[in-house]
Structure formats: structure tokens, C-alpha cells
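> Show me the folded form of this:
(2 chains)
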Number of protein chains: 2
Amino acid sequence: MRKSTPILTGSEGIMLAGTGDSTPDLEYATGFRAVDPVVCLCRGSERWLVVPEMEYGRAQEAAPSRGVTVLTPGMLKLTRDQRRRLGGWALGLVRHAGLRRVVVPGLFPHGVAEALQQRGIRVRVARESLFPERAVKRPEEIRHITVAQQAAVIAMRGAIAMIAGAEPDRIGVLRYDGQRLTAERVRRRIQQILLDHDCESRSIIVAPGRQAADPHVTGTGPLHAHEAVVIDIFPRHQTSGYWGDLTRTVARGVAPAALRRMYQAVRAAQTLALQEIRPGKSWKAPHRAAVQAFESWGYETHWETRPPRGFIHGTGHGVGLAVHEAPSLGFTDGRLRAGHVVTVEPGLYDPEIGGIRIEDTVVVTATGWRYLAPCEKRFEL
Amino acid sequence: MRKSTPILTGSEGIMLAGTGDSTPDLEYATGFRAVDPVVCLCRGSERWLVVPEMEYGRAQEAAPSRGVTVLTPGMLKLTRDQRRRLGGWALGLVRHAGLRRVVVPGLFPHGVAEALQQRGIRVRVARESLFPERAVKRPEEIRHITVAQQAAVIAMRGAIAMIAGAEPDRIGVLRYDGQRLTAERVRRRIQQILLDHDCESRSIIVAPGRQAADPHVTGTGPLHAHEAVVIDIFPRHQTSGYWGDLTRTVARGVAPAALRRMYQAVRAAQTLALQEIRPGKSWKAPHRAAVQAFESWGYETHWETRPPRGFIHGTGHGVGLAVHEAPSLGFTDGRLRAGHVVTVEPGLYDPEIGGIRIEDTVVVTATGWRYLAPCEKRFEL
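You can find the predicted model right below:
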């Protein structure tokens, strides 16, 4: 079974396996967005990609500009059983490339790793990103993220216009266009606007009142006057595959003093965190700045309270082919570089009152940062 | 570090790790849709779920009805480094449950498996589904899939109405409402209708002409008279999380004889494949029936041609919390059971002419099958 190609012992390839959705590095490395699972091997600038027979044409079209060799299981020397399993493709590919060792990401499928190990291939798990350069965006990538972010801004304005244009009824429930204004209605409006801008979206957050105390609750039911509504919009452009990410928090009418104070603290924390965004700064610096801001305002910033209260998440994350990617602005070691695209999104959460979060997506420039798509910040409508 | 709980050697737990999107078994086993990665362990009817601190409240709400014990990394005896890594959570959970062996799906993260193995935990990869009962839907699940499928039907009618209402210009390009009718416009209309029915959608296919010769091309550009347009709609209901799946192929005006013959063959193949859907039948039977139908019409059914030509994919797949799940109606061993929900979707592809596919989602009943949501089949409009 072994190929006659000389075995390059000592040399190690990067192996990826999965779909475009599960493994954005695949599209980054090859330019091909895999619908079905594929296997990819990279050594230096060389790339091999094994795709199902049915995907060969599509992969060939996407690949040549990046110097990717596209293969199908039928082009590798495989048994019938191996041709049916991703582990078989991986083994055939490693042999095709004449390698004995691969390094894989932590999320690499264990079944594939085991199939390689059983045939004597050494599989090492990378503790760090295998494509650290993916975090530094090319101008073309920044344009793609900007387009998605602009769609998020337009959708945000549409959502906020609905809430601003709503009137409370006698029990404080907002009404818009003759009907109750619900989280679901606002979410649908957001999704319609995103669709009009060729973006798809999942789990858009419109979280009213105390629901927003949990940053991952998507939100349901009627919106009320005087409560905070967290709106977190993260669209993915359907053609480019790049994401945007934007959060605003608004209240219809005058907010209670406690909520307004939380908003002011979050606003201040974001301003201070943004001041730590420039080349050479630590990935931890913006988070430390936000934590210090919240502590100076007297809010909790440790995560041990249950239910959680205060500033209970990191300050930001990279955005690109994934909505969450490197660099992580929290507890990870690293230095900001020009071309990093990150969110800056401090927030405060209180189980009795609700939540406040303000999030912008910015690109690190030679001297600091700039918004990819500016969006006004206004709390009480 | 080892817990004082007696170690139940010989007993093996099922371990899952990932997000709801990457690992639908997680939601099936626990009722919880994880946004961030979690770890789950199942032994008999017992279930443990380790979630980030921030997700504890949401997981607790989803879990009690299924007897799931929700834990956070802080509740396990872990070092600071272990608390930060999914592998650490998995190790803490296995020890918490007093297990020494786990069985995992093939897509289980290799980094987590390695962390367990390095501490003496045996990790076995399951070759078969770990929750085979997931393929047999409860009445409530069938209702959820039906709702998504009904949305697909309404969106399909909206798309087909656009094409039927379009008129060709002098060069045969379809015009609708004074503008060129493109794949993008039809796709947007489909997505708008799905959104109006609380469904999200990705990569909806509207593939005109020769583009449809590749079953995974989503489709771009103007639609023309006399060409086939493959429309493949797979919505996911945003609340229930269940999917639907529906494909129709239409042509505006009279289609060339070769295309019409392909359509008739696909229609016949679907009818014959559906006749093989009933409890006790092999998962291979519907595919064999479709293959025989295509061969009797003189079309190719092997997958070795490049570019691919003929009937080049399986006949169907299960639909539920994933759009592609067990049972696979093609080459996999198994028997149909009442409550299986499957697509039946033969197709024909020709690089010079285009593609034809007809797909319905049906539930296996005590005596045969029924459509979850019927949708008319008409080719030339």
C-alpha cells in the first residue's frame, strides 16, 4: 500500500478534516467551502485536498489560484472500505504526500486521528492556532467583513427605529403598527433587512428586560417601556462567507437609574478598552481596561457568582470566516497586529435588572483602530 | 486528584463534546442547545452535562425534564489550566461519574480524547450511531419537522410562482416585475417566506441550467426560458431546531426533449423508491429501486465518470435535529422502522444539459409512508 515516494521523516504536515462550517481553516487554506466533509494536508505552501467525487469540479474551480492539488478518494490507493471513511481518505492522503507525521487542531475528528495512528502515523495536537496568520486580515477580507458589518448597522437601525417608534399601552407593553412589539417581531425585521443585504443570520439576540441577564438568551415575548433591550446582530454574507458582529442596548422611554448607570459604565468601559487597541498591545490589555473600568464603578468582574452578575465574559474576539476566532481579547497571550479584526464588547448583567452590552467590530490600523462600519450609540429612545 | 467514588470498571459511558450545531446528539440527549462547547456523559439513563458558568442557568432550565445533572467546571475538581480546556472538563466529568472508559462518536474532538487517554481513560470510537433511537421520531418531533416542511412547501410555491409568472425577453432571459429574474432573487424570496414562518435557512439552492449538473452548486445569475431550475429548500425552525427538506425542478416554457425525459425518469425513480419505504425494508432498498429505474431508462448510475453524469448520489437521508442524519438510504445496512423520517430524492445530472432532482420528506408509518407536507410536482410552467 505504501507509495514509493521517499518518506520525508522529520517533516510534518498540517491536517484538517471536516466541513467549511465546522473547520473555517479549511476555506482559509484552500479557498474551497466544503459542504460535505473533506480532508486537507498542508506542507509549507503545498496543499492537498481530498473531496467527494461529486465535489471535484467545484473544488477544482476554487483551488487553482492557491496552488491546491485536488484529489478524490478514487485517485488514492484505497480499499473499498477506506474509500467510504474519512479516516481512509486521510491515510491515503498522508501516504500520497509521503508524510509520517501530522499536526492537527484540537477539534480534529478523533475517529480520523485514530485511523491514522493505527497505521503508524504520528498525530500531534496543536495547542495554538495552526494558521495564526488567518487573524491578520488582507484588505480584501477587511472589505468582506465591512460589507457584513454594514448590513448589521442597517439592520440595527431598523430594529431601533421600531422600538423608538413604538408606544407603550396602559400596562407598559410597547405597541407598533397597531400590534404588540415582541422580541420575535424585531428579530424578524432584523433578519429581513439582513436578507435584503445578502446576509444570513442565526440566533440574532433581541433580549428584553431580565432575559438579557443571560448573554446567550435570544429573547422572546413583548417588549416593555423603561426596560433595556439587548440587540446583538451577527450576519454572515452569503457570498463571501465573512461575518460581522454588532450589539446595541436601548430602552424605550426613561430607564431606571440603576440601568442607566450600568449603561454609562459599559460605555466608559468600551471607550477605555478601545484605547488599548493598537499594534503591539497585549490581547489582555483591552480586557484589563474594561475590568478596571467596571471595578472603579463598583461592579463585579469575577465569574464565580451564581447566577452570574457583573462583567462575566471576555472583552472581544476576532471576526472573519468564523464569528468567533482569534484573537481572543480576554485571557490569551498575544500581541495585536495591524489587520486584526476584533470586537470590543464589554457588558454588565444583573439577574434582577437585565443586561447591557455595547459591541463594535474594529480593525487594528498602523496607529490604533477604526470602526469597520460606525453605528451611533444611544440608550434611551 | 482522583475522586473517592468507587471506580465502576467494566462500565462505559457515552461521551459527547461540542456545540449544538456540531453535535446534534447533545441536544437529543440533554434537551439543551449549546451555543458554546460543552461536554456530556451518558450512562444508561443518567446524563451529566458540563457547561460554561455563563450557561448554567439556561442549561438547568432545559435539563431537569430529562434528568440531566448540570455541572460547571467550577463544580469539578480541576486545576486552573484544566478549567480552561474542554479536555480538562471531560477528565473532571469522567472522574466525577467514576468511569474509566468512554465511547465517543467519530467526530469527537481529538484534543479532548487525547487529554483523557493521557490520564488513563480508555476512549473507544463508535463505528455506529451512539443514539440509534434518535432516527425514530416521537410524535412531537414529527410535528416539529412537519412545521419546517410546511414552510418549505409555502416557500417552494412562492419561488415557482415567480418563475411561472416570468416572461422571457428577446434573448430568453426571464423577466419578472420589470426586472431580470435571477437565482439570487428567487433565493431571497424563498428566504423571506421562510423567515415569515420562523425558519432560518442556509445555502438554499436555486440552480439554473448547467449549474445544476453539480448537485451542491447554490446557483447564480439570470434564469432562462426552457432550462431546468433545481430548487432545494431546507429550512430549520428557529424555535424547535428541527429541519425540513424539499426539492423541485421546474422549467419556464417547453423544455428540450432530453430534459423532459430526464424529468420523467426521476419522477418514475422517486415513485419506485417510495414503494420501498415501509417498516422492515432495508435502507438500501429505495436506492436499489431508484438505480434500477434509471438503468431501465438508460442513464448511468455509477459514480466514476468525471465530470459526474447520471444518478450520482444516494436516494435519501434522515431529517431531524440535523438536516442530514440517520438513516442513510444508499449503501448503509439497516431496516426502516415506523417513525423514521427520510427524504426520497433521486436525481439526474448531465454536464451538458443540467440537473433534475425531486425530493420529498416522508415519515415511515405502520404500513408504508406518508408525506409530512405534500407539494405538487410539475415540471414545465
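
> make it CA atoms for all contacts and neighbour counts henceforth
Fine.

> The helix of greatest length in chain A near chain B at all?
As assigned by DSSP state H, the longest helix anywhere in chain A is helix A:139-164. No. Applying CA under 8 Å from any CA of the partner chain, one finds helix A:139-164 separated from chain B by no less than 14.8 Å.

> Which parts of the stretch 1-150 of chain A are helices?
A:24-30, A:56-62, A:80-83, A:86-96, A:110-117, A:139-164 (DSSP state H, counting those that start in this stretch).

> One more: the stretch 201-350 of chain A?
Going by DSSP H, counting those that start in this stretch, the stretch 201-350 of chain A shows helices at A:257-274, A:285-296.

> and the ones you listed, which is most packed in?
Mean neighbours per residue, mean count of other CA atoms under 10 Å in any protein chain shown, is largest over the helices of the stretch 201-350 of chain A for helix A:285-296, with a mean of 22.

> same for it, what does it pack against?
Under the contact criterion of 3 or more CA pairs under 8 Å, 6 or more residues apart in numbering or on different chains; DSSP states H and E, helix A:285-296 touches helix A:257-274, strand A:325-329.

> Nearest to chain B, out of these?
strand A:325-329 (12.8 Å; CA to the nearest CA).

> mean confidence for the closest one?
Strand A:325-329 carries an average pLDDT of 96.

> any chance of the helices of the stretch 1-150 of chain A in a markdown table, plus mean neighbour count?
Formatted as a markdown table, the helices of the stretch 1-150 of chain A follow (neighbours: other CA atoms under 10 Å in any protein chain shown):
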| stretch | mean neighbour count |
| --- | --- |
| helix A:24-30 | 21 |
| helix A:56-62 | 17 |
| helix A:80-83 | 14 |
| helix A:86-96 | 24 |
| helix A:110-117 | 22 |
| helix A:139-164 | 21 |
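
> looking at those helices, which has the lowest confidence?
Among those, helix A:56-62 carries the lowest mean pLDDT (a mean of 88).

> how about the residues of chain A that lie near chain B?
Residues of chain A lying near chain B (CA under 8 Å from any CA): A:22, A:35, A:53-55, A:57-58, A:105-113, A:125, A:188, A:191-192, A:195-196, A:198, A:200-203, A:214-217, A:238, A:303-304, A:307-308, A:312.

> can you tell me which residues contact A:D169?
Contact partners of A:D169, counting by CA atoms under 8 Å, 6 or more residues apart in numbering or on different chains, are A:R175.

> Just give the closest residue to A:P109, not the sequence neighbours.
B:L107 (4.2 Å; CA to CA, 6 or more residues apart in numbering or on different chains).

> so how many other residues sit close to that neighbour?
Taking other CA atoms under 10 Å in any protein chain shown as the neighbour definition, B:L107 ends up with a count of 22.

> From B:E141, how far out is it?
25 Å (CA to CA, to the nearest Å).

> Quick check: which of the helices of the stretch 1-150 of chain A is nearest to A:H226?
Judged by CA to CA, the one of those that comes nearest to A:H226 is helix A:139-164, at 11.3 Å.

> hmm, back to that, using a markdown table, lay out the helices of the stretch 201-350 of chain A together with distance to B:A251.
A markdown table is the format used below for the helices of the stretch 201-350 of chain A (distance: least, CA to CA, whole Å):
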| stretch | distance to B:A251 |
| --- | --- |
| helix A:257-274 | 54 |
| helix A:285-296 | 56 |
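
> Dump the C-alpha coordinates for the lowest-mean-pLDDT helix or strand in chain A into CSV.
None of the helices or strands of chain A scores lower by mean pLDDT, DSSP states H and E than helix A:56-62, at a mean of 88. What follows is helix A:56-62, C-alpha atoms only, in CSV (Å, rounded to 0.1, in the frame of the first residue of the first chain):
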residue,chain,number,x,y,z
TYR,A,56,-14.3,17.6,-7.6
GLY,A,57,-15.4,20.2,-10.2
ARG,A,58,-16.3,22.8,-7.6
ALA,A,59,-13.1,22.3,-5.7
GLN,A,60,-11.0,22.5,-8.8
GLU,A,61,-12.6,25.8,-9.6
ALA,A,62,-11.9,27.2,-6.2
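
> Next up, the contacts around A:S328.
A:S328 touches A:283, A:314, A:316-318, counting by CA under 8 Å, 6+ apart.

> Just give the nearest non-adjacent residue to the residue nearest to the spatial centre of chain A, would you?
Geometric centre of chain A, nearest residue: A:V323, 1.5 Å, by CA atoms, centre = their mean. Spatial nearest neighbour of A:V323, chain neighbours left out: A:W243 (5.6 Å); criterion: CA to CA, 6+ apart.

> The one you found - how many residues pack around it?
A:W243, neighbours per other CA under 10 Å, totals 26.

> Likewise for A:S11?
A:S11 has 12 neighbouring residues, counting by other CA under 10 Å.

> Could you do A:D36 as well?
Counted with other CA under 10 Å, A:D36 comes out at 14.

> Now it: closest residue in space that isn't a chain neighbour?
A:T19 is the one closest to A:D36 (CA to CA, 6+ apart), at 5.7 Å.

> show me what contacts the one you found?
A:T19 touches A:26, A:33-38, counting by CA under 8 Å, 6+ apart.

> Same question for A:R267.
Contacts for A:R267 (CA under 8 Å, 6+ apart) come out as A:I358.

> Now flag whichever of the contacts of A:T19 is closest to chain B.
Taking CA to the nearest CA as the measure, chain B sits nearest to A:V35 out of the contacts of A:T19, at 7.6 Å.

> Touching, that closest one and A:T23? I think so.
No. In this structure A:V35 lies outside contact range of A:T23 using CA atoms under 8 Å: 11.0 Å.

> Low-confidence stretches in chain A?
Across chain A, the ranges flagged by pLDDT under 70 are A:1-10, A:64-65.

> Apply 80 and report the result again.
Applying pLDDT under 80 to chain A picks out residues A:1-10, A:63-66, A:303-306.

> Please dump the contacts of A:T19 into TSV; it should also carry distance to B:R337 for every row.
Below are the contacts of A:T19 laid out as TSV (distance: CA to CA, whole Å):
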residue	distance to B:R337
A:L26	37
A:R33	35
A:A34	32
A:V35	29
A:D36	27
A:P37	28
A:V38	31
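
> Quick check on these: which are buried?
Neighbour counting with 16 or more other CA atoms under 10 Å in any protein chain shown marks A:26, A:33-35, A:37-38 as buried within the contacts of A:T19.

> Closest one to B:G330 out of those, please.
A:P37 (17.4 Å).

> so that closest one sits right up against A:D21, yeah?
No. Judged on CA under 8 Å, A:P37 makes no contact with A:D21 at a distance of 9.8 Å.

> Do a quick rundown of the strands in the stretch 251-381 of chain A.
For the stretch 251-381 of chain A, applying DSSP state E, counting those that start in this stretch gives strands covering A:316-318, A:325-329, A:341-344, A:347-350, A:354-357, A:360-364, A:369-371.

> which one is A:G87 nearest to, not counting chain neighbours?
A:V112 is the one closest to A:G87 (CA to CA, 6+ apart), at 4.2 Å.
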